[in-house]
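Chemist: A predicted structure for the sequence below; I have some questions about it.
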Amino acid sequence: MRSAIIMTIVLGLAASAALAHSGVKDPQVKARMEGMKTMAADLKELGKMARGITPFDDAKAKAALISLKTENDRIPVLFAPEATDPKSEARPAVWTDPTGFARRTAEMGQALDVMTLSSASDIAASMRTFATACSACHQDYRIKK
């Protein structure tokens, strides 16, 4: 059941990222969206392993985790300028509540730091924690379109 929820979140992120990218004019907003798209792809890769859709692959799992950490570390930089675009899904709270936004980003980083990738079941358990952190940030700082 939880694996299905995780995969639904992952696939939802990937689908919304693909739709949101068309017609973006602001390069800063585009860069943010590309970073989120990369994270969604990494999560999809890990989610497929967690659900047994693809075989567990230690090298691919580690590469996805490194990529997730890299993109998560870029979030504060990508969102530092208040760039807007009609296609942007960032709420104004990103800039009016920078302390809260930084806290949410740090929570995602902490979830990534303790992620265990030694098996499909480890990935599934770790993804639950990370998905919770992602969802909390999206709830507070992302406009649902």
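Modeler: In hand now; what should we look at? In this text the structure is predicted, and so the values were computed from the model without any measurement.

Chemist: measure the nearest residue to residue 35 once chain neighbours are set aside to residue 32 for me?
Modeler: Counting by CB to CB, 6 or more residues apart in numbering, residue 35 lies nearest to residue 71, which is 4.9 Å off, once chain neighbours are set aside. For every residue, glycine as well, the C-beta is placed using N, CA and C. Using CB to CB, to the nearest Å, we find residue 71 at a distance of 10 Å from residue 32.

Chemist: looking at the protein, which helix or strand does the model trust least?
Modeler: None of the helices or strands of the chain scores lower by mean pLDDT, DSSP states H and E than helix 2-20, at a mean of 55.

Chemist: quick revisit: and the residue nearest to residue 35, how far from residue 45?
Modeler: 13 Å.

Chemist: and for residue 132?
Modeler: 19 Å.

Chemist: quick one, which of the two is more surrounded?
Modeler: residue 45 (21 against 14; other CB atoms under 10 Å).
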